[in-house]
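Novice: compute the structure for the input listed below.
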Amino acid sequence: MELETAFHFVDQYGYIALFVVLWIGIFIIPVPNEIIVMSTGLVLSNGMMTFLPTFFTTYFGVVMSLSTLYVLGRFGFYPLQKRFLHRTNYKKYVEWSSRLIEKYGPFALVIGYCFPGVRHFVPFVIGSNRMKFRTFALYAYSTAAVWSSLFFMLGFFFGEQMDHIVKNIFVYGSIVTGCIVAVATLFIIKQSQRRKRFRMGKIS
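Specialist: Below is the predicted model of the structure:
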């Protein structure tokens with residue numbers, strides 16, 4: 001399905017169609033998620049819908065897509081893993097996601113959002129690792145709220161420059177990601193040191 005076809009569907013069937021597009025768009029629409037969410041903001045700016053219902057439909061569609069990936073990982077990991085690991089493009093994302101999760105735990109859901117492709121496989125691998133759903137939801141849904149708000153508003157105000165914006169995000173995204181990873185690493189180190197001091201205090 002092309003993006004233009006998807007939003008023609010939205011124009012005909014409204015918010016339910018918008019939710020479906022954002023839910024399954026990552027599986028069937030061959031464009032970055034950033035463009036899908038920005039396109040939603042652009043649709044709103046053209047007066048086709050109203051603000052709050054459109055924003056919340058966008059957010060819940062993104063949340064549902066993340067939840068679907070978690071469930072697929074939790075209950076269908078082994079057959080899907082076998083299929084993914086035999087495809088070079090998928091294999092690198094699964095391995096990269098696994099390394100992020102091993103190093104940063106649930107915070108990998110925050111970091112993974114900075115990498116197109118990886119953001120889809122982190123929930124999948126986290127589900128396969130049997131992480132509690134409430135832990136997954138805390139990190140995934142809060143990150144999705146920030147991410148969805150950012151690109152939704154970019155689409156609303158600057159939708160006509162969408163291609164240029166997304167290109168620059170991909171160019172400079174590695175810098176932003178490096179900063180996020182550095183902050184995450186420092187946070188984890190400080191938390192580890194704090195727990196260590198706490199244990200030593202209890203022993204003494």
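Novice: can you pull out the strands in this structure?
Specialist: In order along the chain, the chain carries no strands (DSSP state E).
Novice: in stretch 132-142, what counts as buried?
Specialist: For stretch 132-142, the buried set under the neighbour-count rule, 16 or more other C-beta atoms under 10 Å, comprises 136-137, 139-141. C-betas here are computed from N, CA, C, even on glycine.
Novice: so which of these is the closest to residue 119?
Specialist: For these, the minimum distance to residue 119 (C-beta to C-beta) is 9.7 Å, reached by residue 140.
Novice: from residue 126, how far off is the closest one?
Specialist: The gap separating residue 140 from residue 126 is 8 Å, by C-beta to C-beta, to the nearest Å.
Novice: for this protein, name the helix or strand with the lowest mean pLDDT.
Specialist: The weakest-scoring helix or strand in the chain, judged by mean pLDDT, DSSP states H and E, is helix 162-203 (a mean of 59).
Novice: where does the chain dip in pLDDT?
Specialist: 1-7, 29-32, 77-89, 159-193, 195-204 (pLDDT under 70).
Novice: run the last query once more with 50
Specialist: Along the chain, the model assigns pLDDT under 50 to no residue.
Novice: helices along that one, start to end?
Specialist: 3-13, 15-28, 33-45, 51-84, 88-104, 108-112, 118-128, 133-158, 162-203 (DSSP state H).
Novice: circling back to that earlier point, let me have the buried residues of stretch 132-142 in TSV, extended by distance to residue 16.
Specialist: TSV is the format used below for those (distance: C-beta to C-beta, whole Å):
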residue	distance to residue 16
136	26
137	23
139	28
140	23
141	21
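Novice: give the residues shared as contacts by residue 140 and residue 126.
Specialist: 70, 109 (C-beta atoms under 8 Å, 6 or more residues apart in numbering).
Novice: out of the buried residues of stretch 132-142, who's nearest residue 47?
Specialist: Nearest to residue 47 among the buried residues of stretch 132-142, counting by C-beta to C-beta, is residue 141 at 29.4 Å.
Novice: separation between the closest one and residue 48?
Specialist: Note on residue 141: its distance to residue 48, by C-beta to C-beta, is 27 Å.
Novice: contacts only, for residue 27.
Specialist: If a contact means C-beta under 8 Å, 6+ apart, then residue 27 has no contacts.
Novice: any idea how far the closest residue to residue 50 other than its chain neighbours lies from residue 57?
Specialist: Using C-beta to C-beta, 6 or more residues apart in numbering and skipping the chain neighbours, the partner closest in space to residue 50 is residue 44 (7.8 Å). The spacing between residue 44 and residue 57, counted by C-beta to C-beta, is 10 Å.
Novice: burial check on residue 46, number of neighbours?
Specialist: Neighbours of residue 46 under the rule other C-beta atoms under 10 Å: 10.
Novice: what does it show for phi and psi?
Specialist: phi -90, psi 0 (degrees, to the nearest 10).
Novice: just residue 47 next, same as before
Specialist: The phi/psi pair for residue 47 (degrees, to the nearest 10) is phi 80, psi 10.
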